[in-house]
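Enquirer: Need a 3D model of the following:
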Amino acid sequence: MPQPNDAELTRLVACSAGTEIPDDEPNTGSPGGAPAASFTLLLEAVAGSAIGNNAAPYILDLVCIDETLAAPNSTMSVPGVAQAFNGASGWTLAGGNFIKTESFSIPVPAGVAGHVFHYIATLVDQAGQVVSFIHSPPFILV
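Expert: Next comes the predicted model:
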């Protein structure tokens, strides 16, 4: 659990489109079907009791790394999402702290079948006092 004035990114996973179940092959189609055109990136976070609803702004970055090419994939990244510690950005009081679950629909670009990826998420407030990062487990696209 974070300190009252801190926040932590706690979970970052790739899931099949529209689900919250981690999947290391998130765009696999139904048996005999084509691969899905997108997948879901699920992010979970927790914030302390003092900061979770104080409306302080922060930037959330979700950078996709193509491990096969050892390079970022800008098409699958979600950079510079401006948010704040409040209900409008998804923070909810739970057990004395604030929690957040957010999902992002990620399109699968052409030419990445068989590539292995992972995500790096960062949360940095404007004052540089609240900083957190997390890596997703690797996954492959088909």
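
Enquirer: May I ask which helix or strand encompasses the spatially most central residue of the chain?
Expert: For the chain, Leu43 is the residue whose C-alpha lies nearest the centre (Cα atoms, centre = their mean; 3.8 Å). Remark: Leu43 resides in strand 38-47, with elements defined by DSSP states H and E.

Enquirer: Leu42 is in contact with Leu9, isn't it?
Expert: No. The pair Leu42 and Leu9 fails to qualify as a contact (Cβ atoms under 8 Å) at a distance of 11.5 Å. The way it works is simple: take the backbone N, C-alpha and C, and place the C-beta from them, glycine included.

Enquirer: Show the contacting residues for the residue nearest to the centre of the chain.
Expert: Shown in contact with Leu43 (Cβ atoms under 8 Å, 6 or more residues apart in numbering): Leu9, Arg11, Leu12, Leu60, Leu62, Lys100, Thr101, Glu102, Ser103, Phe104, Ala121.

Enquirer: Now do the residue lying farthest from the centre of the chain, the pLDDT please.
Expert: Taking Cα atoms, centre = their mean, the residue of the chain most remote from its mean C-alpha position is Gly32, at 29.5 Å. In this prediction, Gly32 carries a pLDDT score of 87.

Enquirer: need the contact list for it.
Expert: For Gly32, the contact set (Cβ under 8 Å, 6+ apart) is empty.

Enquirer: quick one: secondary structure of it?
Expert: The three-state assignment at Gly32 reads coil, by DSSP: H, G, I helix; E, B strand; the rest coil.

Enquirer: now the strands for the protein?
Expert: Counting by DSSP state E, the chain has strands at residues 7-16, 38-47, 57-66, 71-72, 78-84, 92-94, 97-107, 116-125, 131-135, 139-140.
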